[in-house]
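[1] kindly return the folded structure for what I paste below:
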Amino acid sequence: MNMQQERPSRSAFPLWALLTAFVVGAVLSGWMVWRLAAENGARAANQPIATTTNTAPASSTRATPLPLPSATTLAREVTEVAEQQGGLNQRLAAAEQRIARLDLQAQAATGNAARAEGLLIAFATRRALERGAELGYLGEQLRLRFGDALPNAVETVLRAGQNPITQDQLAARLDGLAPQLASPSSEQGWSRFKRELSELFVIRRASSPSPAADQRLERARAFLETGRIDAAIAEVQALPGADGASRWIRDARNYGEVQKALDLIETAAILEPRRLRDGEGHAVEQLSPAAETAIAR
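    Below you'll find the predicted structure:
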């Protein structure tokens, strides 16, 4: 009986121990779960809550700080800017030089055009006087363009323009005076006979011109046609009847002076350095190409 009563007490002890261990394990497990949950909650509370908005890329961009450039990078950028500035200055200087060259070329073209116009005015004036026409507008342009450079020559041409004498007129008048020039009207018969007799035998060099009246008249005509007015006047003055040709000689001299004045004006249009003026009265500052070539030599 005693053995049967002891068996139930021995088997009840392990059961109670197992129950106790199970309860303790459950409590420990619950406590550990609670502990872990508390720690996770604390960590979540310490971290910022991420909000999803449409400006998320901009917020993340502003939140990320840009790296500061290094000293080498700054120096390189400064050098590049300086080089670009220097290149810009060089381009500006080159542009200014090109503009200056274009300005000089424009001035040269304007000056050369004014000289060419002046030369055309001189040519037109010569042609008008050769035809015996009035100068009109040409006279005004001559005075405006060449009055400062050649006042005497301009006045000579303008006076001739009031009553122009042509080369054809001088030649025709010389032919009309030929009989009178060959022998003076006041010469008596005996004097005329001695003069003609003396002209029959003349000793001279082969290269010297003949002093005969008809030969002198031929030479005077030839000189007049070729524009050698002074030589033509000299031949007429050497003729026996030169006293009757005083008016012709005066007109021929005036014609020769006009031709010389026109030559001076035409030359001034090409070579005059400073005193020419254009059609509006402005001074021509540009030297002519011919004058620049002469100075260079």
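[2] only C-alpha atoms from now on, for both contacts and neighbour counts.
    Fine.
[3] what sits up against the strand or helix carrying Leu224?
    Element membership of Leu224, judged by DSSP states H and E, is helix 213-225. Outside helix 213-225, the residues within contact range by CA atoms under 8 Å, 6 or more residues apart in numbering are 167, 171, 174, 178, 181-182, 210, 229, 231-233, 235-236, 238-240.
[4] same thing but 10 Å
    If you take CA atoms under 10 Å, 6 or more residues apart in numbering as the criterion, helix 213-225 is touched by 167-168, 170-172, 174-175, 177-179, 181-183, 199, 209-210, 228-241, 252, 256.
[5] show me which of the residues you listed are buried.
    167, 170-171, 174, 177-178, 181-183, 210, 229-230, 232-233, 235-237, 239-241, 252, 256 (16 or more other CA atoms under 10 Å).
[6] sitting in helices, which of the contacts of helix 213-225 do you find?
    Members of those lying in helices (criterion: DSSP state H): 167-168, 170-172, 174-175, 177-179, 181-182, 199, 229-237, 252, 256.
[7] contact partners for Ala124?
    Applying CA under 10 Å, 6+ apart, the residues near Ala124 are 118, 130, 135, 138.
[8] again, only this time at 8 Å
    Taking CA under 8 Å, 6+ apart, one finds Leu138 in contact with Ala124.
[9] gap between it and Glu280?
    In this view, Ala124 and Glu280 are 19 Å apart by CA to CA, to the nearest Å.
[10] likewise Phe146?
    12 Å.
[11] the two: who's more crowded?
    Using other CA atoms under 10 Å, the more surrounded residue of Phe146 and Glu280 is Phe146, with 24 against 10.
[12] leaving out sequence neighbours, find the closest residue to that one.
    Leu276 (5.9 Å; CA to CA, 6 or more residues apart in numbering).
[13] what's the answer for Ala160, then?
    Val258 (6.9 Å).
[14] that neighbour and Thr156 touch, don't they?
    Yes: at 6.2 Å, Val258 counts as touching Thr156 under the criterion of CA atoms under 8 Å.
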